[in-house]
Structures are given as C-alpha cells and as structure tokens.
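Undergrad: Provided below for reference: sequence and predicted model.
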Amino acid sequence: MAVKYDAVVVGAGVAGLSFATRMAGYGYRVVVLESANPEHLGHDWWDTIELRSFDVLGLARPEPPEARTPFTFKMNVLGRTYPVVARMPDDMVNVERRLLATRMVRWATQADVEIRFGCHVTGPILENGRCKGVTLATAGDHAARVKAPLTIDASGAAAVLRRRFDPAVAARWGFETEIPPESFMHTWRGIATDTSVGGDSVICMGQGNSTSWISREPDGLVDIFAGSLGGSRGAEDPETVAMDMIARQGGIGDWVRPGTSAVIPLRRPFDGIVAPGFMLLGDSACMANPINGSGMTVAIDAAIIAADTAHDAMMKGRFEASDLWSYPRDFFRANAELAFLDALKSFVFSAPRDPMLDFFRQGGLRGPAFWKMRPEFGPAGFAAKAGAFARTKGAAALLPPMAGTLTRAAIAERHMALYPSSPSGFNQWKAIRRRITG
Ligand SMILES: Cc1cc2nc3c(=O)[nH]c(=O)nc-3n(C[C@H](O)[C@H](O)[C@H](O)COP(=O)(O)OP(=O)(O)OC[C@H]3O[C@@H](n4cnc5c(N)ncnc54)[C@H](O)[C@@H]3O)c2cc1C
C-alpha cells in the first residue's frame with residue numbers, strides 16, 4: 001500500500017530541508033524528493049550566510065572546514081582599484097556549500113525526514129486548480145505519483161512545479177510560471193590555488209555589465225566568481241569575464257575545482273507564493289536578494305514561516321489558499337526590503353555611468369554595502385553620502401534619478417509591508433503594486 005505523506009517537498013536544498021525538518025519536528029510525515037545524488041548536493045564552492053540562520057533552525061553554527069576564514073575585498077571599478085575596503089560583517093560566515101549540504105541531510109534524516117535521492121520530479125498533480133502532489137520519472141521512464149495534501153516547490157531556479165503550473169491558476173494567486181531571462185544572473189565559479197605573492201582580494205564591477213571577484217583566502221585557495229545579468233545590453237558570458245579578470249589581476253595557480261555555471265533569480269518578489277495545496281519556497285519563489293543574490297538566509301526564514309503555517313493548516317485539515325495565507329503575509333511583511341532592493345537594482349543598471357563611478361570613488365559606497373545594501377540606502381546611510389555627492393563630478397546628473405529611485409523604492413517597500421491579511425484584499429493590493437512597480 002502507498003505510504004501516506006502529510007507533505008511532499010521537491011528539492012533537498014537549504015529551503016526544502018529547513019522546511020521538512022521543522023515539519024518533522026511537529027510530528028508530520030514528510031518526504032523530500034531530490035533529483036541529485038547525496039554526493040552532488042549543494043554547490044562546489046563557499047557562500048556567505050548570516051550566523052543567526054543556524055540559530056533559527058536549531059542547527060549548530062558551522063566549524064572549520066565547513067566555516068571558512070572571513071575575507072576582505074578591495075573594490076575595482078572598470079579597471080581602477082578604489083580605496084573602498086569591504087570586510088565581511090562579523091555576523092556573517094562563509095560556508096563550504098557541499099559540507100553544509102551533507103550536514104543538513106544528516107540533521108534532517110535524524111529528525112525522521114524521508115529523503116529520496118535520484119528522484120526526478122516532472123510536475124505537479126493539479127485537480128481543479130488544487131495541487132495534490134507530484135509526478136516523477138522513474139527508471140525505465142515509468143511515470144509515478146506521490147500524493148499529499150500539501151506540496152512544496154523548493155526545487156531552486158529549476159522551479160519544476162511552478163513552471164508546470166496552470167498559468168491561469170498561478171496568475172490568480174499572484175505568481176508567474178515563467179520569468180524573463182533578464183531576471184537571472186548567469187554565474188561562473190571556480191576555485192584555484194594561489195601562487196602569487198601578496199595578491200589582494202578584489203571585487204570588480206562594471207566590466208561587460210557584470211560583477212566578478214577574486215577572493216584570495218588565507219589558506220592559499222582563490223575563489224573566482226563572475227556574474228552577468230542575463231539579457232542586459234552588453235552582457236558577456238561569465239566564464240569569459242572571469243578569464244579576462246584573471247588575466248588582468250595576476251596569477252591564481254592551478255584549478256582545484258573546475259568552473260561551474262549556475263543561475264541566481266534576481267527577480268522582484270512575486271505577488272503571491274501560495275495556491276490551494278501548494279507553497280513556493282526559496283529560489284523557486286525568487287527569494288534571493290535582488291542586488292547581491294544571497295538567498296540562503298531568506299529561504300531559511302521563509303521555511304520557518306511556511307512550516308508554521310503548514311502546521312496550522314494540518315491541525316485544521318484544510319489547505320485552501322486562505323488556510324495558507326499567513327505564509328505570504330508574514331514573509332512579505334518581514335521581507336518588505338526585497339521590494340526596496342529590487343527598485344534599487346533597476347537604478348544600478350540604468351544610472352549615468354561616469355558620475356556613478358566617481359561617486360563610488362569618492363566614498364559613496366562603503367565596504368559592507370556589498371552584504372548589507374538596505375541600511376546603506378536607508379535615511380542614515382543616504383545622509384552619510386552627502387559629502388561623497390558634493391565631491392562627485394557630474395553629481396547633478398546622478399542625484400535626480402537616484403532620489404526618484406529611492407522614493408519609488410520606499411513606496412514599494414511600504415506597500416509590501418501592507419500585504420493583505422487574507423485573500424479578500426489581494427486583488428486590490430496587487431493592483432496598487434502594479435501601479436507602483438510598473
Ligand atoms: C554563484 C552563486 C553564488 C551565490 N552566493 C550566495 C551567497 O553568498 N549567499 C547566499 O545566501 N546565497 C548565495 N547564492 C544563492 C543561493 O545558492 C540560493 O539562494 C539558495 O541555495 C537557494 O536554496 P534553495 O533550497 O531554494 O535551492 P537549491 O539550493 O538550488 O536547491 C534546489 C534543489 O532542488 C533539486 N531539484 C531541482 N529540480 C528537481 C527536480 N526536477 N526533481 C527533484 N529535485 C530537483 C536540486 O537538485 C537542488 O538540490 C549564490 C548562488 C550562486 C549560483
């Protein structure tokens with residue numbers, strides 16, 4: 001007889017495992033379906049995460065070698081290095097993604113989450129606009145089904161359920177099935193040994209509409225990243241950008257981990273993230289920070305809210321959108337800054353370039369801004385830029401679009417914080433949001 005699950009989760013990434021483990025802690029039977037094998041889970045590099053995310057999950061904070069030494073960057077804009085030095089904030093840590101993934105799998109399994117690896121999900125089971133589970137491809141190409149009253153798409157940028165949802169149902173609940181290419185950052189990442197002496201860690205901005213960095217770690221490893229916003233004018237293949245940067249920055253030694261391509265959805269927040277019997281979580285819901293692409297901390301916060309909402313729905317035995325509504329309400333109200341950052345991103349890519357670069361050089365962007373962009377452009381952060389503006393050549397061209405953007409961004413953020421308490425106010429809220437975001 002088929003096993004009865006309370007919830008089926010697609011994807012054993014940070015988002016899916018965080019949700020599933022909290023649900024298992026409430027005593028529910030949860031299955032996580034993951035297409036990769038355990039040894040290929042996570043990414044083959046290290047990423048920055050807020051330390052509090054581990055506390056929120058009840059997972060021990062990482063230790064070396066999973067935790068890596070914090071680093072310091074210099075900023076290079078279009079080939080010139082500026083005296084902006086960015087030190088990673090103390091409340092953040094760089095983690096080896098493979099080691100974190102392995103530890104999270106062990107943690108989830110110990111909490112009685114069932115994880116099925118090598119299990120490729122092909123789409124949602126939809127009946128009258130309601131999600132009833134998922135379909136799978138199994139060996140020999142036989143289709144199989146896993147049914148549950150609640151289905152979670154935590155399949156990352158692949159968004160395998162969202163993309164196969166009925167577009168009319170998705171639109172009714174405020175998310176899109178497909179998102180445009182310019183909403184993805186295409187990235188390339190590799191790790192090498194450093195043979196150069198005394199090289200700096202450098203973050204480069206503005207080459208081929210891309211961002212890239214060479215981060216030289218104290219243990220002699222070098223992290224090389226390049227990312228280009230897909231669809232933007234002049235966007236280059238990120239691997240080419242990385243090679244160009246390496247050629248200009250000096251030696252990086254031999255490759256110890258081959259370069260890997262991946263995408264980050266830098267998308268403005270959807271209007272909604274639930275439908276009857278269905279929740280979107282993590283990258284599949286484009287929850288990554290629209291400016292710097294960090295998504296782990298946001299996904300973990302969202303997973304907690306989603307699991308607590310799911311627990312309430314399970315207690316009632318009802319899975320209508322209205323029963324799941326506290327998830328988008330609490331998530332968007334707590335993360336209204338995503339709307340602010342999305343508006344800011346449009347400015348970063350459209351601002352008059354020369355004054356913008358001079359503004360950076362005059363100290364208009366402080367180091368920690370790379371990680372903490374929202375406080376940087378809050379009232380206090382903005383006021384602190386007055387001196388840099390005064391020294392910037394061409395500030396007159398920069399100030400009006402920047403002031404306009406920040407005003408729009410603040411309005412978008414305030415509206416996001418007014419996310420409706422129930423589906424009855426949703427259409428009106430969406431209509432106002434469309435007027436704000438265009
Ligand atoms: C180069 C790069 C640098 C980044 N740097 C940072 C950073 O410094 N800090 C930060 O917080 N974030 C960073 N991010 C973003 C971060 O990696 C994501 O936001 C985060 O991993 C999202 O987690 P997730 O669980 O939603 O998705 P994922 O981690 O992508 O997990 C999704 C899982 O679903 C599985 N899956 C996909 N399709 C199927 C299917 N059909 N059937 C079954 N399983 C499936 C995948 O195999 C995967 O294991 C970076 C991303 C990239 C690409």
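TA: Thanks, I have it.
Undergrad: use CA for all of it now, contacts and neighbours both
TA: Noted.
Undergrad: Sketch out the low-pLDDT regions of the stretch 151-300 of the chain for me.
TA: Counting by pLDDT under 70, the stretch 151-300 of the chain has low-confidence residues at 197-199, 205-209, 231-235.
Undergrad: Could you show which parts of it are in contact with the ligand?
TA: Those residues of the stretch 151-300 of the chain that sit near the ligand, judged by CA under 6 Å from any ligand atom, are 154-156, 158, 160, 187, 189, 262-264, 282-284, 288, 293-297.
Undergrad: Now the buried members of those residues.
TA: Neighbour-count burial (16 or more other CA atoms under 10 Å) is assigned, among these, to 154-156, 160, 187, 189, 263-264, 282-284, 288, 293-297.
Undergrad: Narrow these to those in strands?
TA: Secondary structure assignment by DSSP state E places T187, R189, V263, I264 of these in strands.
Undergrad: farthest pair in these?
TA: Spatially, the most separated pair among these is R189 and I264, at 12.4 Å (CA to CA).
Undergrad: ok, which stretches of the stretch 151-300 of the chain are helices?
TA: Taking DSSP state H, counting those that start in this stretch to define them, one finds helices in the stretch 151-300 of the chain at 167-172, 238-249, 296-316.
Undergrad: M104 contacts A15, correct?
TA: No. Under the criterion of CA atoms under 8 Å, M104 makes no contact with A15, lying 10.6 Å away.
Undergrad: In terms of neighbours, single out the busier of the two.
TA: The neighbour comparison of M104 against A15 (other CA atoms under 10 Å) goes to A15, with 31 against 19.
Undergrad: Correct me if wrong, but that one is in a helix.
TA: Yes. Under DSSP: H, G, I helix; E, B strand; the rest coil, A15 sits within a helix.
Undergrad: quick one: contacts for I179?
TA: Listed by CA atoms under 8 Å, 6 or more residues apart in numbering, I179 has no contact partners.
Undergrad: give the contact list for the residue nearest to the spatial centre of the chain.
TA: In the chain, the centroid-proximal residue (CA atoms, centre = their mean) is A288; its distance is 2.2 Å. Going by CA under 8 Å, 6+ apart, A288 touches I264, P265, L266, R267, G282, S294, G295, M296, V298, A299.
Undergrad: now do 7 Å
TA: The contact partners of A288, taken as CA atoms under 7 Å, 6 or more residues apart in numbering, are P265, L266, S294, G295, V298.
Undergrad: Can I get the helices of the stretch 151-300 of the chain in JSON lines including distance to G438?
TA: What follows is these, written out as JSON lines (distance: least, CA to CA, whole Å):
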{"stretch": "helix 167-172", "distance to G438": "17"}
{"stretch": "helix 238-249", "distance to G438": "30"}
{"stretch": "helix 296-316", "distance to G438": "25"}
